[in-house]
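Trainee: Fold the following.
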Amino acid sequence: MRKQTITALRESLAEAGLPFVQDEPLARHTTFKIGGPAAFWCTPHNAEELRSTLALCRENGARVYLLGNGSNTLFDDAGFDGAVVDMRGVAEMEHSDADNDVVRITAGAGQTLGRLCSKAQALGLTGLEFACGIPGTVGGAVYMNAGAYGGELKDVLESVTFLDDNLQLRMLPAADLAMGYRTSIFEQNPGWCILSVTVVLHRGDGAAVLAKMQELLGKRKEKQPLEWPSAGSTFKRPVGAFAGKLIEDCGLRGFTVGGAQISEKHCGFVINRGGATCADVVELTEQVKQIVKQKTGFVLEREIRVVK
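Mentor: Sure, this is the predicted structure:
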């Protein structure tokens, strides 16, 4: 960022009373524990502060990146030359009459999927069991149509409210969100900002819902390298195969570049063994993609977002 832009944005945010700090290490805010400093780290407490923050960033010509739980993001070692906006303050949650057979829960984009799943279980609602253990926020889950164990967010999604390119409030039903495998309309419209998400769940047996969630959490702990920093599944699933199995079959279990390694526990994960850089992870994934293509013919695509 130009010095003039930095000064203008700092003064604008301060004058408006909006929370921010400068030169915040992004490694503190991602599950990979990788990333240099953000020129501005903005932490709005609600949707109103969020909109004001975005407006001032645009007025001052600053790049913006919206960050949820940092669980699918790999920031560059040089950091982000703009404003990273922490969405976790936009986390309100409410539900319709819980005595009905069909219940709607509306959650702010910065609410975690974990807390949304806990709310569903506490109300005895079924439909979100698959999402238990996915480490992201609700907004991030919609953005990439997060899924696991045979379920995807689009299966329960009713509608999304968001700010468009002009920061105008809009709402779209799930049918209009172009949700596919790890993608949605929001990926094609990076200027849009998700504010809240409404899911539709059904009356179930609270004990059975809890048992299923605990079962899936157990599977994650058993099969995934949760003890190491990572960004979850590193590659999208190619049609007709599984990324982790392809990588394993190519003899790449434990393959290492710098501090980044293909997990020995689950080959679909790249982990930070300590001191890994963004450059390490990118180089590792590029080599893996090349080897897998040469040996199997399958083309792997990164699921994690590399942000520079």
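Trainee: quick one: contacts for residue 203?
Mentor: Remark: with contacts taken as Cβ atoms under 8 Å, 6 or more residues apart in numbering, residue 203 is in contact with 100-103, 124-126. To be clear about C-beta, it is placed using only N, CA and C from the backbone, and glycine gets the same treatment.
Trainee: how many other residues sit next to the nearest residue to residue 180 once chain neighbours are set aside?
Mentor: Nearest residue to residue 180, sequence neighbours excluded (Cβ to Cβ, 6 or more residues apart in numbering): residue 145, at 6.6 Å. When neighbours are counted by other Cβ atoms under 10 Å, residue 145 registers 21.
Trainee: Check residue 308 too.
Mentor: 12.
Trainee: For the stretch 201-308 of the chain, which segments count as helices?
Mentor: Taking DSSP state H, counting those that start in this stretch as the test, the helices found in the stretch 201-308 of the chain are 206-223, 243-249, 278-296.
Trainee: wait, which of those is closest to residue 24?
Mentor: Closest of those to residue 24 is helix 278-296, at 16.4 Å (criterion: Cβ to Cβ).
Trainee: shaky segments in this protein?
Mentor: Within the chain, not a single segment meets pLDDT under 70.
Trainee: Next, the angle from the lengthiest strand in it to helix 206-223.
Mentor: Counting residues, the longest strand found in the chain (DSSP state E) is strand 193-203. Note on geometry: by axes from the mean of the first three to the mean of the last three Cα atoms, to 10 degrees, strand 193-203 and helix 206-223 are set 120 degrees apart in direction.
Trainee: Which members of the contacts of residue 203 are classed as buried?
Mentor: Among the contacts of residue 203, those scoring as buried are 103, 124-126 (criterion: 16 or more other Cβ atoms under 10 Å).
Trainee: quick one: which of the residues you listed sit in strands?
Mentor: Using DSSP E, the buried ones among the contacts of residue 203 in strands are 103, 125-126.
Trainee: and these as CSV, adding distance to residue 298?
Mentor: Compiled in CSV, these are given as follows (distance: Cβ to Cβ, whole Å):
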residue, distance to residue 298
103, 41
125, 38
126, 35
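Trainee: List the buried residues of the longest strand of the chain.
Mentor: In strand 193-203, counting by 16+ other Cβ under 10 Å, buried: 193-201.
Trainee: Then stretch 251-261?
Mentor: Buried-residue list, stretch 251-261, by 16+ other Cβ under 10 Å: 252-253, 255, 257-261.
Trainee: now swap in stretch 78-90 and tell me
Mentor: Here stretch 78-90 shows 79-90 as buried, counting by 16+ other Cβ under 10 Å.
Trainee: Dump those to CSV, plus distance to residue 176.
Mentor: Output for those, formatted as CSV (distance: Cβ to Cβ, whole Å):
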residue, distance to residue 176
79, 36
80, 31
81, 34
82, 30
83, 29
84, 29
85, 25
86, 28
87, 22
88, 27
89, 27
90, 22
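Trainee: I'd like to know which of the residues you listed is nearest to residue 184.
Mentor: residue 87 (16.0 Å).
Trainee: Quick check: phi and psi on the closest one?
Mentor: Dihedral pair for residue 87: phi -80, psi -10, per degrees, to the nearest 10.
Trainee: before we move on, the earlier item: filter the buried residues of stretch 78-90 down to just the ones in strands.
Mentor: Reading strands off these with DSSP E, I get 80-86.
Trainee: Dump the buried residues of stretch 251-261 into a markdown table; add distance to residue 8 as well.
Mentor: Shown next, in a markdown table, are the buried residues of stretch 251-261 (distance: Cβ to Cβ, whole Å):
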| residue | distance to residue 8 |
| --- | --- |
| 252 | 48 |
| 253 | 51 |
| 255 | 46 |
| 257 | 40 |
| 258 | 38 |
| 259 | 38 |
| 260 | 38 |
| 261 | 43 |
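Trainee: Need the max-distance pair from the buried residues of strand 193-203.
Mentor: Applying Cβ to Cβ across the buried residues of strand 193-203, the maximum distance is between 193 and 201, 25.1 Å.
Trainee: How about the residue nearest the centre of the chain: what's its closest non-neighbour residue?
Mentor: Nearest to the geometric centre of the chain sits residue 140, at 4.0 Å (Cα atoms, centre = their mean). Among residues not flanking residue 140 along the chain, residue 68 sits closest, at 4.0 Å (Cβ to Cβ, 6+ apart).
Trainee: thought the one you found was touching residue 87?
Mentor: Yes. Using Cβ atoms under 8 Å, residue 68 is in contact with residue 87, at 5.1 Å.
Trainee: intersection of neighbour lists for these two?
Mentor: 109-110, 137, 139.
Trainee: which of these tops the neighbour count?
Mentor: residue 137 (33 neighbours).
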